[in-house]
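Peer 1: the following comprises the amino acid sequence and a computationally predicted model.
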Amino acid sequence: MDISVLDRPLYTTADAARILDIPPTTLAWWLDGGVRRGRAYAPVLREEPRPNSLVTWAEFVEARLLRGYRKAGVPLQNIRPFIARVRERLGIPYPLAHYRPFIDHRQLVYDLQRDVDLDERLYLVRPGDGDQLQLAPPVEEFLEVVELDEDMVVARMRPLGKQSELAIDPEVRFGQPQIRGIRAEVIAETADAEGEVAAAEAWDLPIGDVRDAVRWQHRRAS
């Protein structure tokens, strides 16, 4: 993947939050920080706030990973020092969208977590059996729904799992969920109006793809 794709603006905050299934206010907080009870908080993901700017592919990917830590019981603001330290040590602008550190530099990632006194509930790499370090469950779950390029950068997501053709790809349909280049929303609308078999015929898709589009659209609607 051309590294510039990571910086490609794709979504409004509201649209990105809708696809990621998180509240828009939460995503806005992660991206730009804010003020609470008279105290200013820096962004979690961005180095500097950029209010009202579009969400890039890299920011979208990083937010999807953070989503797995929302129930950790610890403010995600606490992970910011760790992200900043990885940027500094490895020269990687988007540490949560590049997975080379978790493969080639797992010990360093673990040490940096400890250096910044990161709460263990937010660890991305943690001790496993014996002397082995392993990826934390939210990272493992995340890797089940993303595809990496040769540089270990997230190239696309498959939110229903890698067995499904439904994909979110920055190079296709401006990053909107799609199946074989057709927006999932449009497929689902046809199925709701005319039935799944008619939608499969109309869009020349296998019935399983139509059902995935319907499942995705209805899950988001619920």
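Peer 2: In hand now; what should we look at?
Peer 1: just the pLDDT for Asp2.
Peer 2: In this model, Asp2 is scored at 53, pLDDT.
Peer 1: equivalent analysis for the one 4 residues further on, please.
Peer 2: Per-residue confidence at Leu6 stands at 92 (pLDDT).
Peer 1: ditto for Met152
Peer 2: In this model, Met152 is scored at 88, pLDDT.
Peer 1: cool, and Gly34?
Peer 2: 92.
Peer 1: that one: neighbouring residues, count only.
Peer 2: Neighbour count for Gly34, taken as other Cβ atoms under 10 Å: 15. All C-beta spots, glycine's among them, are computed from the backbone N, C-alpha and C.
Peer 1: pretty sure it contacts Tyr41?
Peer 2: Yes: in this structure, Gly34 is within contact of Tyr41 by Cβ atoms under 8 Å, at 6.0 Å.
Peer 1: which strands and helices sit next to the helix or strand of the chain with the lowest mean pLDDT?
Peer 2: Ranked by mean pLDDT, DSSP states H and E, the helix or strand of the chain with the weakest confidence is helix 100-104, at a mean of 83. Contacts defined by 3 or more Cβ pairs under 8 Å, 6 or more residues apart in numbering; DSSP states H and E place helix 100-104 against helix 106-115.
Peer 1: the helix or strand following the helix it packs on: how far from the chain's middle?
Peer 2: For helix 106-115, the following helix or strand on the C-terminal side (DSSP states H and E) is strand 125-127. Centroid separation for strand 125-127 versus its chain: 21 Å, with Cα atoms, centre = their mean, to the nearest Å.
Peer 1: would you map the helices across the protein?
Peer 2: Shown for the chain, the helices assigned by DSSP state H span residues 13-20, 24-32, 57-67, 80-90, 100-104, 106-115, 137-143, 184-194, 196-203, 207-221.
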